[in-house]
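Enquirer: Below are the sequence and a predicted model for it; my questions follow.
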Amino acid sequence: MEKIIRSVKGTRDFYPQEMAVRRWLITKIQQVSASFGYQEYDGPCLETIDLYAAKSGEELVKEQAFVFPDRSGENIALRPELTPTLARMIASKQNELTFPCRWWSFGPFWRYERPQKGRTREFFQWNIDLIGSDQVAADAELIAVAAEFLRSMGVRPEQAKILINDRRLMDAQLSQIGIHTELRPAILRQIDRIDKQPAEVWDKNTLDLGLTPEQLSELKSLLASADLWQQSPELSELFSELDALGVREYAAYEPKIIRGLDYYTGTVFEARDTAGNFRAILGGGHYANLVGDVGGKPLPGVGFAMGDVVILLLLESLGLIPENNAASEAVFVSIFDENCRSTSNRVAARLRRAGYKVFTYPGTEKLTRQLKYADKVGARAALVIGPDEIERGEVVLKDLAARTQLLLPEAELEKHLAAILAERQSL
RNA sequence: GUGCCUGUAGCUCAACGGCAGAGCGCCUCACUGUGGAUGAGGAGGUUGAGGGUUCGAAACCGUCCAGGCACCCCA
């Protein structure tokens, strides 16, 4: 093995094959976002550490952000999430924007974490937010966006579900059990990890937080209550909205969903594969005041984020990633010999101007090699233009997939090419 | 940051203290003005790195690097 300088831990190389998949994912995200009237935006990848100081979970910034001093000594962070940037962008134009804003973004993020399945140090994330509305309808809309996205990827409701809860409901329920206000945040965090710890360990840890055995028992029956949402007017309305939006089948109530980030104040949700093979596909919720820490008038909203890693793992496991190959609709023009090169180039140029994707061979190696090359890179069609064809003004058009070929006048080339490529479209 | 598992040819893996191998892929040829196939040859490894134990290490031991699994946290 030669000494090759290693890539940075937790980063991924996107070769054309992987890049085509990423491009496909971005296209789907763009289409779904636009179909709900959302506009694309982006912020810088570099931010001052101060932006994150007051917001986010503390651990997210202190332990999971890539932070380094720039040449002037200022501490710069590679953005670990987009929400603080969004808050700043909204706050600084708060008086000129028209609310509610519907914004989405897709870009790279970095977190200094231990890489493992579904988690890398550099990842791409779709962020989408509806800002400036406190209505249940806004929460429902974002969940519908998530559901329609899953649908557009070919993921069926029995394969992945959006699990929904409401922090206000949980808070009220904890209060009813008699859990004191100061204790509730810790209990909520504990609820969030109930499926990650063995039952006895979780019980013990929960008791250690200060619950009585009776409260623990009540808490556990609370978390097993699939009908709890019916006690929440907001959730009742939410599920009814989801029904009208045609995405009810993707949604499910789940009292264990809390979400880690502090700024969620109402509806919280995350999408998970029903087989339980992967971590959360996406997560989000309702916040009471996006711009609270950045200054500006209180502004509620709802949004979610989806990383590229888990969704691609899921799609891969479900066989839902299409074959993507940039060359698959391209035409290969072979170069028979030096004397024929100019004719081949002329034909190639003409086809490009007609809108086809056309590539040639750099040298004049024998046809076997050239056609093998065309086949391996996945070209859809190939042309052979030798001395005999040139003399008669003809070309040989090969359908590489069908393994057939036609000898035809050069003038009829476009007509036949269009037929071959149309045939591919219909597959 | 903590614990556990793994690292052998381009890829997937075998060899488990005694000569480092297979399948696939790659290259050449049969092949002539024609790509899936078939056949015949061929190239390719300091066994992740650098130490130790041993007559002898891919294998055993500790260190580092990387990947995976769980925790933490989260997309």
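Expert: Yes, it's here.

Enquirer: And the helices in the stretch 301-427 of chain A?
Expert: A:308-317, A:338-353, A:367-376, A:387-392, A:413-425 (DSSP state H, counting those that start in this stretch).

Enquirer: Residue A:180 is in contact with residue A:215, correct?
Expert: No: with contact defined as CB atoms under 8 Å, residue A:215 does not count as touching residue A:180 (10.4 Å). (Each C-beta comes from the backbone N, C-alpha and C, glycine too.)

Enquirer: quick one, which of the two is more surrounded?
Expert: The neighbour count for residue A:215 versus residue A:180, taken as other CB atoms under 10 Å, is higher for residue A:215 (18 against 10).

Enquirer: what's the closest non-adjacent residue to the more buried one?
Expert: residue A:177 (5.3 Å; CB to CB, 6 or more residues apart in numbering).

Enquirer: which ones are touching the one you found?
Expert: Counting by CB atoms under 8 Å, 6 or more residues apart in numbering, residue A:177 makes contact with A:215, A:218-219, A:222.

Enquirer: measure it to residue A:218 for me?
Expert: Residue A:177 sits 5 Å away from residue A:218, going by CB to CB, to the nearest Å.

Enquirer: Which single residue in the stretch 151-300 of chain A comes nearest to RNA strand B?
Expert: Nearest residue of the stretch 151-300 of chain A to RNA strand B, counting by CB to the nearest atom of the strand: residue A:260, 2.0 Å away.

Enquirer: From what I see, that residue and residue A:192 are in contact.
Expert: Yes: proximity of residue A:260 to residue A:192 meets the contact threshold set by CB under 8 Å, at 6.4 Å.

Enquirer: between those two, what contacts are shared?
Expert: Joint contacts of residue A:260 and residue A:192 (CB under 8 Å, 6+ apart) do not exist.

Enquirer: The nearest residue to residue A:117 once chain neighbours are set aside: neighbour count?
Expert: Excluding the flanking residues, the one nearest residue A:117 by CB to CB, 6+ apart is residue A:313, at 7.2 Å. Using other CB under 10 Å, residue A:313 has 17 neighbouring residues.

Enquirer: these two touch, right, residue A:313 and residue A:118?
Expert: Yes: with contact defined as CB under 8 Å, residue A:313 reaches residue A:118; the gap is 5.8 Å.

Enquirer: now the nearest residue to residue A:133 once chain neighbours are set aside: how far from residue A:134?
Expert: Using CB to CB, 6+ apart and skipping residues adjacent in sequence, the residue nearest residue A:133 is residue A:100, 4.4 Å away. Look at residue A:100 and residue A:134: by CB to CB, they are 10 Å apart.

Enquirer: what about the two, which has more around it?
Expert: Counted by other CB under 10 Å, residue A:100 and residue A:134 do not tie: residue A:100 has more neighbours, with 19 against 16.

Enquirer: for stretch A:214-226, what is the average pLDDT?
Expert: Stretch A:214-226 carries an average pLDDT of 91.

Enquirer: the strands in the stretch 101-250 of chain A, which residues?
Expert: Secondary structure of the stretch 101-250 of chain A (DSSP state E, counting those that start in this stretch): strands located at A:101-110, A:122-131, A:160-166.

Enquirer: scratch that, the stretch 251-400 of chain A is what I was asking about
Expert: Per DSSP E, counting those that start in this stretch, the stretch 251-400 of chain A carries strands over the ranges A:251-253, A:264-273, A:282-287, A:301-307, A:330-333, A:357-360, A:381-384, A:394-399.

Enquirer: what does the helix or strand harbouring residue A:33 rub up against?
Expert: According to DSSP states H and E, residue A:33 maps onto helix A:16-35. Residues lying outside helix A:16-35 but in contact with it, judged by CB under 8 Å, 6+ apart, are A:12, A:14, A:40, A:104, A:106, A:124, A:126, A:128, A:145, A:148-149, A:152-153, A:308, A:311-312, A:321-322, A:324-326.

Enquirer: which of those are buried?
Expert: Among the contacts of helix A:16-35, those classed as buried by 16 or more other CB atoms under 10 Å are A:12, A:104, A:106, A:124, A:126, A:128, A:145, A:148-149, A:153, A:308, A:311-312, A:321.

Enquirer: follow-up on the earlier one: please indicate which of the contacts of residue A:177 has the highest neighbour count?
Expert: residue A:219 (21 neighbours).

Enquirer: Near RNA strand B, which residues of the stretch 201-350 of chain A are found?
Expert: Within the stretch 201-350 of chain A, the residues that sit near RNA strand B (CB under 7 Å from any atom of the strand) are A:259-261, A:270, A:279-283, A:305-307, A:309-310, A:336.
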